[in-house]
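Participant: sequence and predicted model, in that order:
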Amino acid sequence: TDYTLRVDTTRTGPSIDDSMYGVFFEDINRAADGGLYAELVQNRSFEYDPADNAGYTGLTSWAPHSGTVDVADDDARLNERNRRYLKLGLPAGVINSGYNSGIAVTKGQHYDFSVWARADRTARLTATVTDPAGTPLGDPVRVDVRGDGWTRYTGTIRAKRSTTTGRLLVTGDGTGTLRLDMVSLLPRDTFKGHGLRRDLAEKIAALKPGFVRFPGGCLVNTGSHHGYDAPDYERRRSYQWKDTIGPVEQRATNWNFWGYNQSYGLGYFEYFQFAEDIGAMPLPVVPALVTGCGQNRATDDPALLRRHIQDTLDLVEFANGPADSTWGRKRAEMGHPEPFKLTHLAVGNEENLPDEFFARFTEFRAAINAKYPDIVVVSNSGPDDAGGTFDRLWQLNRQAGVQMVDEHYYNSPSWFLENNDRYDSYDRNGPKVFLGEYASQDNTFFNALSEAAFMTGLERNADVVKLASYAPLLANEDYVQWRPDMIWFNNHASWGSASYEVQKLFMTNVGDHVVPSTATATPSTRTPITGAIGLSTWATAASYDDVTVTGASGETLFSDDFSGGDSRWTKSGRGTWNVVNGAYVQSDAAAEDTLVTAGDRSWQNYTLNVKATKQSGR
Ligand code: AHR
């Protein structure tokens, strides 16, 4: 086929905003603790709770080393938000094993140790990084804990050897009871000195994101698995930005939607600061009290709704208010008197109850715009189903003149190839699109290629699609709730997926405006199976993507787009089907047998051999 591309240099297409491509950070796949947040100690405040997760105890990631070791929850606690603490009957000690294979330290680097402690008699506290056998990897920190009031003690450990399987050993010598909380070990070398893990932050910064959407996702609009009612608000079991700011020892912890405990060490201040550090626009998402993400419940509590709306107004003040305003002062106290320049704010995420969501969204929007008319309040479209929620929400958003609507979809590579023209027909006068989450469903090169092809369609429609972010951004390889992901990591290394490279290509080469062009044909990646299918007649497909075989009346006998990581060729309709990898094999074995899986996530050249039992195909 001849393909002709005509570029019209006499006309100028839509301009493309510098902020068009951004990132969506959600605390999923342990993206925060054990990830972007550089803290090396897991469960530093002993808040892991078996009531949340049957696998948890107050000592998760900790092991007793010696003496009497308990986790206590009583009036001696550090504060109301940080209720549990470690109680050592001296002499005693504990060992923390961090995340993944352990605590990773690098020879020559400094690590800042800190702990809140109190002792009913003077106690000598020692903290050391060791290997799994207990051999020290640096000089220990030693402090004398004096007095039975909570006090913060600090020290620095310089690693003399590198390891990825380190442990933090904390011991107390003396007699009586030593109480510990917020046991922390942070690398001194963090991204811009702001407490974020350097390699991960640098990989994100290298994308030059135009915006950072945070902190979720389902993490936000569903609160936690405990539900989303007033008691959850009081008990801080739903995600609330106010719980995530201020001194870390006073922040709440939460068992999050993704099934693990999050410390909020990476909180709203840090999100805003990170966005600023990488030159990106901050774009927070607040809950609308209608849960999607499989829960599908609208909280009917006007007082709670008012509180959430007030919290959102306070959030704008925290970000933008003067340093002497109530919430601006808190930002200034955390070291940032200058405003964070918040311009966009999203309410809700993937609600499945369109009318219930929109009623609440309308109240949020009215209150925000009454006080802050310049803030763009982003609505959403629910899951991208064919009809139902999605269409209804777009209808409501359009009718109400909403400025911007958040869309999400996770589809097969072929869907991305076939839907390059998705936004060509969107109403130029309707709400703008914020494509807050999208990915093709695997991490192969072909997935990335299909995303790249799709992104040319986003860019061509830059007058409608104003913001777009691949999702999810980060995944710790040992704690995966969702795949594919853009950047993968463990406790000491990180690597970008092919999709990361595609994002980087687009994000670091954002054009000024679209140059109108036409093509005579749209290239297709489908490899049609040609030739008659008959007895002993074979058809082949050159790759495993998008194989469809039709019968005599046009009915689909067999099809597979291998969109999932573990797609299998399965039998459908008449005939005996067999697939082999590169070799000719004829078999009459039951066609449902496992034939080929695409689970190895690498390119393979498969041959599809189709043997029909009746001469009727085409
Ligand atoms: O990106 C992962 C999840 O996908 C998000 O939390 C949610 O919004 C979507 O369903």
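Facilitator: On my side now, so go ahead. Residues are numbered from 1 along each chain as shown.
Participant: and the residue of the stretch 501-618 of the chain found nearest the ligand, what's its pLDDT?
Facilitator: Across the stretch 501-618 of the chain, the shortest distance to the ligand (Cβ to the nearest ligand atom) belongs to Gln503, at 14.7 Å. Every C-beta, even on glycine, is put in place using the N, C-alpha and C of the backbone. Per-residue confidence (pLDDT) for Gln503: 98.
Participant: buried residues in the host helix or strand of it?
Facilitator: Assigned by DSSP states H and E, Gln503 falls within helix 498-507. By neighbour count with 16 or more other Cβ atoms under 10 Å, helix 498-507 contains the buried residues 498-500, 502-504, 506-507.
Participant: show me what that helix is packed up against.
Facilitator: Here helix 498-507 touches helix 445-460, going by 3 or more Cβ pairs under 8 Å, 6 or more residues apart in numbering; DSSP states H and E.
Participant: elements contacting the helix it packs on?
Facilitator: Where contact means 3+ Cβ pairs under 8 Å, 6+ apart, helix 445-460 is packed against helix 413-418, strand 432-440, strand 465-468, helix 498-507.
Participant: JSON lines for the ones you listed, including distance to Asp148?
Facilitator: JSON lines is the format used below for the helices and strands packed on helix 445-460 (distance: least, Cβ to Cβ, whole Å):
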{"stretch": "helix 413-418", "distance to Asp148": "62"}
{"stretch": "strand 432-440", "distance to Asp148": "50"}
{"stretch": "strand 465-468", "distance to Asp148": "53"}
{"stretch": "helix 498-507", "distance to Asp148": "51"}
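Participant: which stretch in these has the least confidence?
Facilitator: Mean pLDDT per stretch puts helix 413-418 lowest among the helices and strands packed on helix 445-460, at a mean of 90.
Participant: can you name every helix or strand that that one contacts?
Facilitator: With contacts defined as 3+ Cβ pairs under 8 Å, 6+ apart, helix 413-418 has these neighbours: strand 432-440, helix 445-460.
Participant: any idea how far it is from the chain center?
Facilitator: 23 Å (Cα atoms, centre = their mean, to the nearest Å).
Participant: now it: buried residues?
Facilitator: Quick answer for helix 413-418 (16+ other Cβ under 10 Å): 413-418.
Participant: how about the residues of the chain that lie near the ligand?
Facilitator: Applying Cβ under 6 Å from any ligand atom, we find that the chain lies next to the ligand at 26, 28, 216-218, 293, 349-350, 408, 437, 471-472, 482.
Participant: of those, which belong to strands?
Facilitator: Mapping the residues of the chain next to the ligand onto strands (DSSP state E) picks out 408, 437.
Participant: what about the residues of the chain next to the ligand, which are in helices?
Facilitator: Using DSSP state H, the members of these that fall in helices are Cys218.
Participant: Serialize the residues of the chain next to the ligand to JSON lines and add fields for distance to Glu80 and neighbour count.
Facilitator: JSON lines is the format used below for the residues of the chain next to the ligand (distance: Cβ to Cβ, whole Å; neighbours: other Cβ atoms under 10 Å):
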{"residue": "Glu26", "distance to Glu80": "28", "neighbour count": "26"}
{"residue": "Ile28", "distance to Glu80": "28", "neighbour count": "29"}
{"residue": "Gly216", "distance to Glu80": "25", "neighbour count": "24"}
{"residue": "Gly217", "distance to Glu80": "28", "neighbour count": "27"}
{"residue": "Cys218", "distance to Glu80": "28", "neighbour count": "20"}
{"residue": "Cys293", "distance to Glu80": "29", "neighbour count": "18"}
{"residue": "Asn349", "distance to Glu80": "29", "neighbour count": "29"}
{"residue": "Glu350", "distance to Glu80": "33", "neighbour count": "27"}
{"residue": "His408", "distance to Glu80": "37", "neighbour count": "22"}
{"residue": "Glu437", "distance to Glu80": "35", "neighbour count": "22"}
{"residue": "Ala471", "distance to Glu80": "35", "neighbour count": "22"}
{"residue": "Pro472", "distance to Glu80": "33", "neighbour count": "27"}
{"residue": "Trp482", "distance to Glu80": "33", "neighbour count": "16"}
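Participant: show the model's pLDDT score for Thr522.
Facilitator: Note for Thr522: predicted pLDDT of 55.
Participant: next: Ser559.
Facilitator: Per-residue confidence for Ser559 comes out at a pLDDT of 53.
Participant: for Asp277, give its distance to the ligand.
Facilitator: Computed as Cβ to the nearest ligand atom, to the nearest Å, the Asp277 to the ligand distance reads 23 Å.
Participant: excluding chain neighbours, what is closest to that residue?
Facilitator: Lys192 (5.0 Å; Cβ to Cβ, 6 or more residues apart in numbering).
Participant: go on, Lys242?
Facilitator: Leaving aside its sequence neighbours, Lys242 sits nearest to Asp311 (Cβ to Cβ, 6+ apart; 6.3 Å).
Participant: checking that neighbour next. Helix, strand or coil?
Facilitator: helix (DSSP: H, G, I helix; E, B strand; the rest coil).
Participant: could you do Tyr48 as well?
Facilitator: Three-state call for Tyr48 (three-state DSSP): coil.
Participant: contacts only, for it.
Facilitator: With contact set as Cβ atoms under 8 Å, 6 or more residues apart in numbering, Tyr48 has these partners: 56-61, 261.
Participant: max pairwise distance over those residues: which two?
Facilitator: Taking Cβ to Cβ, the two most distant members of the contacts of Tyr48 are Leu59 and Asn261; they sit 12.8 Å apart.
Participant: joint contacts of these two?
Facilitator: Listed as contacting both Leu59 and Asn261 by Cβ under 8 Å, 6+ apart are 43, 48.
Participant: which of the two has more residues huddled nearby?
Facilitator: The neighbour comparison of Leu59 against Asn261 (other Cβ atoms under 10 Å) goes to Asn261, with 20 against 17.
Participant: so the more buried one bridges to which residues?
Facilitator: Assessed by DSSP bridges, Asn261 has beta-bridge partners Trp255.
Participant: spit out the contact partners of the residue of the stretch 201-350 of the chain found nearest the ligand.
Facilitator: Of all residues in the stretch 201-350 of the chain, the one sitting closest to the ligand is Gly217 (2.9 Å; Cβ to the nearest ligand atom). Counting by Cβ under 8 Å, 6+ apart, Gly217 touches 24, 26, 28, 257, 285, 349, 437, 471-472.
Participant: where's the dip in pLDDT among those?
Facilitator: pLDDT across the contacts of Gly217 is lowest for Phe257, at 87.
Participant: Leu219 is in contact with that one, correct?
Facilitator: Yes: using Cβ atoms under 8 Å, Phe257 is in contact with Leu219, at 4.9 Å.
Participant: returning to that earlier point: what's the pLDDT at the residue of the stretch 201-350 of the chain closest to the ligand?
Facilitator: 93.
Participant: can you check Thr550 too?
Facilitator: Confidence for Thr550, expressed as pLDDT, is 48.
Participant: strands along the stretch 151-300 of the chain, start to end?
Facilitator: Using DSSP state E, counting those that start in this stretch, the strands of the stretch 151-300 of the chain run over residues 151-158, 163-173, 177-187, 211-214, 254-255, 261-262, 281-286, 290-291, 297-298.
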